[in-house]
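**Student:** Turn this into a model:
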Amino acid sequence: MIMLCSLAVSDFLVGLFAQPLFIADDLTKEALLNNLVVTVASSVCGVSLLTMTTLSVDRFLALHYHMRYATLLTESRVKGFVVFI
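**Tutor:** Below you'll find the model as predicted:
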């Protein structure tokens, strides 16, 4: 649930910041706004992509190591990984 919430927040930030900035840049064609769009969009979209990758690896570990899954991924490890991303 922690990773799903993290994915929801990162996707929300993409919709809140990256997409409106891209539209504003497309309409105005200013150099400063273009640099801001590249910086914000790449970082926020990168976080979203990393979160999806982490969620996929988590599901793989749950299926592949079903007996040891609870010892491999504890709640504190998941929280630490989400904060790292």
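**Student:** Which strand or helix spans the residue positioned nearest the centre of the chain?
**Tutor:** By Cα atoms, centre = their mean, the mean C-alpha position of the chain lies nearest to residue 48, the distance being 2.2 Å. Assigned by DSSP states H and E, residue 48 belongs to helix 31-64.
**Student:** Show me which residues of that helix are buried.
**Tutor:** 33, 37, 40, 41, 44, 47, 48, 50, 51, 54, 58 (16 or more other Cβ atoms under 10 Å). In this view, the C-beta of every residue, glycine as well, is placed from N, C-alpha and C.
**Student:** Same list as before, those that is, but in JSON lines and with distance to residue 21 included.
**Tutor:** Shown next, in JSON lines, are these (distance: Cβ to Cβ, whole Å):
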{"residue": "33", "distance to residue 21": "7"}
{"residue": "37", "distance to residue 21": "5"}
{"residue": "40", "distance to residue 21": "6"}
{"residue": "41", "distance to residue 21": "7"}
{"residue": "44", "distance to residue 21": "10"}
{"residue": "47", "distance to residue 21": "15"}
{"residue": "48", "distance to residue 21": "15"}
{"residue": "50", "distance to residue 21": "20"}
{"residue": "51", "distance to residue 21": "20"}
{"residue": "54", "distance to residue 21": "25"}
{"residue": "58", "distance to residue 21": "31"}
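**Student:** Which of those sits closest to residue 85?
**Tutor:** Closest to residue 85 out of the buried residues of helix 31-64 is residue 50 (4.9 Å), distances taken as Cβ to Cβ.
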